[in-house]
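A.B. asks: sequence and predicted structure are below.
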2 protein chains.
Amino acid sequence: MVKMKRLTGSAKEISEILDAEYAAYSKSQDNFDGIVADIIADVRENGDAALRAYSEKFDKQTVTDFEVSRETIDQAFAEIDADVLEALKNAKANIESYHKHQIEPGFVDAQTTGVVRGQLVLPIAKVGVYVPGGTAAYPSSVLMNVLPAKIAGVSEIYMVTPPQTKFNPAILVAAQLAGVTKIYQVGGAQAIAALAYGTQSIPKVDKITGPGNVFVATAKKQVFGQVGIDMIAGPSEIGVIADDSANAAYVAADLLSQAEHDKLARAILVTNSKSLADAVDIELEKQLQTLPREEIARSSVSVNGRTIIANSVDEMFELMNEVAPEHLEVAMDNAIEYLPKIKNAGSIFLGHFTSEPIGDYYAGTNHVLPTSGTSRFYSALGVYDFVKRSQFTYYSKDAVAKATKDITTLAYSEGLQAHARAIEIRGEIEK
Amino acid sequence: MVKMKRLTGSAKEISEILDAEYAAYSKSQDNFDGIVADIIADVRENGDAALRAYSEKFDKQTVTDFEVSRETIDQAFAEIDADVLEALKNAKANIESYHKHQIEPGFVDAQTTGVVRGQLVLPIAKVGVYVPGGTAAYPSSVLMNVLPAKIAGVSEIYMVTPPQTKFNPAILVAAQLAGVTKIYQVGGAQAIAALAYGTQSIPKVDKITGPGNVFVATAKKQVFGQVGIDMIAGPSEIGVIADDSANAAYVAADLLSQAEHDKLARAILVTNSKSLADAVDIELEKQLQTLPREEIARSSVSVNGRTIIANSVDEMFELMNEVAPEHLEVAMDNAIEYLPKIKNAGSIFLGHFTSEPIGDYYAGTNHVLPTSGTSRFYSALGVYDFVKRSQFTYYSKDAVAKATKDITTLAYSEGLQAHARAIEIRGEIEK
C-alpha cells in the first residue's frame, strides 16, 4: 500500500527539508561535469568528426548526413495518425493565441527637451532547440519550445534530436508545423556543444532551449555565457493544494500524471484536511494498479511524494510558496479567490477540473517550466526568452551641456577621468 | 604613438577573429573553478566562520558584525560631498523614470467558453546585489542594480560589499537612496556563496546581480540554478560606428572612456572612412598623454583596441552586429535613421553628442549590460530581471469534456497514460 511521506512543520522547516533534498539531487548531477567538459572540448576541436564518433558510441547510429531530409519529413506526414495530427494542430492554435499576448512593444520616452530614451525589443537571430529521443520524445515539447521563438520573430530555429533508426513521425510533424528551419540528428552533450560553437554541418546559435537528460543539462550549464540557455531543468514536480472540497480521485490522478514521468519526479500534496490526505493515499494505490507505468509512478510517489499537513488555508499557501512548485493545482472551491496568495509557481491550475495535463498538451500555456523550487526566480518559457531589449539614448548638444556638471561630478568622484573628459570635450571643441 | 590594430574582412571573418579572442579570454577564467568551488563548499558547511576566515585572508579585515550599522550609514550622509549627493539624486530620478516603462502588467485571456488563461507578473522576493570594493566601487552601479529591483517590487534587497577600513561614503549613500534593505560587509566568492545558501548572518536570496572580479563571476556561474543570476560580466566594451561626419576628438574621448576601465576593456571603431580612422589614432595619442589612468587606457587600446574598415554604411552595421557590443555609439549625422540596422547592442547612443558616459551615469538607461558579444541574446539589466511570470489556467467541467479527445490522443501517443487518465476521470467520476 503506497503512502506519501507526511511532513508537518513551519514553512521555514518544510523549506529546509526540501532544500536539503534538492541539494542532494543537484550534487548527484556534478559527477558528469568532467565527462561533459571533455565532450564539449572534443566537438570544438574536431567538429563533425567528433559528432559522428559520439553518435556511434552513445546512440549506436552511423550518421552520414546530419540534416534530416525533406523526404523523411514528408514520410512522417504520410505516417502520422490523423487524430494525433488534428490534436497537434489544435494545440498549436492554443499555444499561439496564448503566447501572442507576450509580444512586447518596446517604448520611447521623450519628455525632456533634447533627450530621447527608449527600448527596442529585438528577436534573437538563431535558436537551437533540443528534443530528447527515445521514450522521452514529446511532440508537445517541440511545439512548446519552437512556437514562442517563432512568435518572437526568431528567423533561424534549428532542432537537434538524437539519431534513431526510425524517428517518431509526430516529432517531425510537430517540428514542421511549428516552423523549424532545419532538423539535425545529433543528441546529448555533443549536440549542445555543436549548437554553442558550430561545426561544419551544424550552425552556431545564440541561444539553446529544450529539456534533456543529465548530459544535456550539464552541457547547457557549461556553455552558458557563450550562448544563452533557457534553464537547467530538473525532474518534474506537481504541487496540489486541496481542502475538503477536493475529490481525492481527481487529486490522486493528477499527482500520478507527473509521478509517471520519472522516478525522481515529485508529487506534493498540501492540505488542511487529514481525511483528504488519507483518501488520496487510498486512491493512489487503487489507480497505480492499473497504470502501464506503475513501476515508475509507484517509486516516485513512495520515495519522493510528500503530503504536508497545514493548519489553515493561509498556511497551505505559505507552505506551498516555500515549495515553489513547477506545476501548482488549487483543488478548492472558488479557486480563483486564492490567486493573490500564490507567490511562487511556474504554472497554476485553478479549480477541481483544471487537471494539470490540460496545460501539458492543450491549454496553450507553456509546459517548459522552472523545476526544483526555481519558480522563486524563473518563469515558464515564453516569447520573452527569445528577444533581447536594446536601450537607446539621444542627447542634443544643449542637453549634454545641462547634464555636464552632474555627470562629471560622478565620474571624477569614481576616479574615472576619461569618462568626465568625454563629456567635457563636447563643450570645448566645436563639432 | 598608439595605433588601434586594423582589421578588414567580411562580417563572418571579423566575427571569427573576435570569437577566438573572446574564447581565449573565457578560457583564462576557467582556472578559478576549483578555488571557487572550494570556497562555496566551505561557506555552505561553515557559514559565518568561513566568511570571517576569508575576510581575514583576502580582505585583511577582521569582521565582527557583518551588517553595516545605521551609524556608519548616517556618518556617510554627513561626509558625502554635496555635489555628489545632488548628482546621485538626479541620476536616481532619471533611472526611475526610464525603468518605470519596463513594468509589465500581466494579462488575461477569456475568449473561449469555460476557459480562462493568463499570466501574473510577480516580483522576486529576495535579491542580493554585489558591489565591488576598492577602486572599482561605483555608487552609480549601486543605483543601476537596486532601483530596477525596487521598481519591480522586490521587498528584500541585500547588498554585499567587501569589508574595508573605511567605506566610500557615496556607496553607502547610494544604497540608502536606492532603498537597500540591509548592507553586509562580505566580498568575493564567499559573499556569493553566502547569498546563495544563507549563513547565520546573511540571508539566502532568490537572485544575485551585480558585477565583480573573476572570483565573483565564477561563483555566480557556479551557484546559477540554486539561485538566479543576472549575467556573467566580462570586461567592458565600446563599439563606435563613425563616418566622415564624426569628430575624431569626440570619438577618441569616448573610446578612452571605456578603455580606462581595465586593460582587458575593448574599444572597437568601425568606420567607412580611412581618414577618420587615422585622425582617431592621432587623437587617442594626444588625449592619452593627459589621462590620469593613461597606463590602463593605453594598454587597452594598444592591445585590445580594433579599427575595422568597412566599404559602405550597410557594411559598418553588418560588421558591428557581429561584434554585438555592450555599448554602441552611432557617430553619424541623423543617427536615428540607422536604428533599424542595429540587431545586437546592449545600449545604443545616437549622434555626435550622446557620449557613452551619459548612459553610465545619468540618462537613466541601465549601465549593467551584456559584454563579450552576449548582446546577441542578453539584455541590459532591467525591471524584467526582478520579476517572474506565473501562468494560470481555469477550465470548467464542460471545457474539459470538449478538450478530452485531443488531450488524451496526445497523451496516449506519448505513452503517458496517467496524463490521459487524469483527464478521463473528470468525465467518469462526479465531483
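C.D. replies: Arrived safely. All of these numbers come straight from a predicted model, not from anything done at the bench. Residues are numbered from 1 along each chain as shown, chains lettered A, B, ... in the order given.
A.B. asks: number of nearby residues for the residue of the stretch 51-200 of chain A found nearest chain B?
C.D. replies: The nearest approach of the stretch 51-200 of chain A to chain B comes at A:Ala87, 3.9 Å away (C-beta to the nearest C-beta). From N, CA and C alone the C-beta is placed, and that goes for glycine too. Residues lying near A:Ala87 (other C-beta atoms under 10 Å in any protein chain shown) number 25.
A.B. asks: just A:Ile429 next, same as before
C.D. replies: 12.
A.B. asks: likewise for A:Glu45?
C.D. replies: Neighbour number of A:Glu45 under other C-beta under 10 Å is 10.
A.B. asks: ok, it to A:Ala193 distance?
C.D. replies: Per C-beta to C-beta, to the nearest Å, A:Glu45 is found 10 Å from A:Ala193.
A.B. asks: which non-adjacent residue is nearest the residue of the stretch 51-200 of chain A closest to chain B?
C.D. replies: B:Asp406 (3.9 Å; C-beta to C-beta, 6 or more residues apart in numbering or on different chains).
A.B. asks: doesn't that neighbour lie inside a helix?
C.D. replies: Yes. Using DSSP: H, G, I helix; E, B strand; the rest coil, the assignment for B:Asp406 is a helix.
A.B. asks: doesn't B:Tyr412 make contact with the residue of the stretch 51-200 of chain A closest to chain B?
C.D. replies: No. Between A:Ala87 and B:Tyr412 there is no contact, the gap being 10.2 Å when judged by C-beta atoms under 8 Å.
A.B. asks: circling back to that earlier point, on the pLDDT front, check the residue nearest to A:Ala87 for me.
C.D. replies: Here, the pLDDT recorded for B:Asp406 equals 97.
A.B. asks: that one against A:Asp360, yeah?
C.D. replies: No. With contact defined as C-beta under 8 Å, B:Asp406 does not count as touching A:Asp360 (11.9 Å).
A.B. asks: where does the stretch 301-431 of chain A have low pLDDT?
C.D. replies: Low-confidence segments of the stretch 301-431 of chain A (pLDDT under 70): none present.
A.B. asks: enumerate every residue touching the residue most central in space within chain A.
C.D. replies: For chain A, the residue nearest the mean C-alpha position is A:Val368 (3.6 Å; C-alpha atoms, centre = their mean). A:Val368 makes contact with A:141, A:144-145, A:209-211, A:230-231, A:233, A:380-381, according to C-beta atoms under 8 Å, 6 or more residues apart in numbering or on different chains.
A.B. asks: Three-state assignment for it, please.
C.D. replies: Taking three-state DSSP as the rule, one finds A:Val368 in the coil state.
A.B. asks: now do A:Tyr184
C.D. replies: What three-state DSSP gives for A:Tyr184 is strand.
A.B. asks: quickly list what it is bridged to.
C.D. replies: Under DSSP bridges, the beta-bridge partners of A:Tyr184 are A:Glu67, A:Val160.
A.B. asks: A:Val63 is in contact with that one, correct?
C.D. replies: No. A:Tyr184 is not in contact with A:Val63 according to C-beta under 8 Å; the separation is 9.4 Å.
A.B. asks: these two: which has the busier surroundings?
C.D. replies: A:Tyr184 (24 against 17).
A.B. asks: need the pLDDT of that one.
C.D. replies: pLDDT, A:Tyr184: 98.
A.B. asks: again, but for A:Ala196
C.D. replies: At A:Ala196, pLDDT is 97.
A.B. asks: next up, the contacts around the residue of the stretch 51-200 of chain A closest to chain B.
C.D. replies: Counted by C-beta under 8 Å, 6+ apart, A:Ala87 has contacts A:361-362, B:405-407, B:409-410.
A.B. asks: farthest-separated two in those residues?
C.D. replies: By the measure C-beta to C-beta, A:Tyr361 and B:Lys405 form the most distant pair in the contacts of A:Ala87, at 11.4 Å.
A.B. asks: who has more neighbours, these two?
C.D. replies: A:Tyr361 (31 against 14).
A.B. asks: that one against B:Leu416, yeah?
C.D. replies: No. Using C-beta under 8 Å as the test, A:Tyr361 is too far from B:Leu416 to be in contact (9.3 Å).
A.B. asks: one step back: neighbours around the residue nearest to A:Ala87, how many?
C.D. replies: 21.
A.B. asks: same deal with A:Thr165?
C.D. replies: A:Thr165 has 7 nearby residues by other C-beta under 10 Å.
A.B. asks: contacting residues for the nearest residue to it once chain neighbours are set aside?
C.D. replies: Spatial nearest neighbour of A:Thr165, chain neighbours left out: A:Gln61 (7.2 Å); criterion: C-beta to C-beta, 6+ apart. If a contact means C-beta under 8 Å, 6+ apart, then A:Gln61 has A:55, A:162-165, A:185 as its contacts.
A.B. asks: can I have the buried ones of those residues as a ChimeraX selection?
C.D. replies: To isolate the buried members of those in ChimeraX, using 16 or more other C-beta atoms under 10 Å in any protein chain shown:
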select /A:55,162,163,164,185
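A.B. asks: make TSV from the contacts of A:Gln61 and add secondary structure to it.
C.D. replies: Below are the contacts of A:Gln61 laid out as TSV (three-state DSSP):
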residue	secondary structure
A:Ser55	helix
A:Pro162	coil
A:Pro163	coil
A:Gln164	coil
A:Thr165	coil
A:Gln185	strand
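A.B. asks: interface residues of the stretch 151-300 of chain A facing chain B?
C.D. replies: When proximity is defined by C-beta under 8 Å from any C-beta of the partner chain, the stretch 151-300 of chain A lies next to chain B at A:170, A:206-207, A:221, A:224-228, A:232, A:247, A:249-250, A:253-254, A:256-257, A:259-261, A:287, A:291-293, A:297.
A.B. asks: show me those residues that map onto strands.
C.D. replies: Using DSSP state E, the subset of these located in strands is A:207, A:228.
A.B. asks: any of the residues of the stretch 151-300 of chain A next to chain B buried? List them.
C.D. replies: For these, buried by 16+ other C-beta under 10 Å: A:170, A:206-207, A:221, A:224-228, A:232, A:247, A:249-250, A:253-254, A:256-257, A:259-261, A:287, A:291, A:293, A:297.
A.B. asks: all helices for the stretch 201-350 of chain A, in order.
C.D. replies: A:214-223, A:248-259, A:274-288, A:294-299, A:313-323 (DSSP state H, counting those that start in this stretch).
A.B. asks: and A:Glu430, how many neighbours does it have?
C.D. replies: 7.
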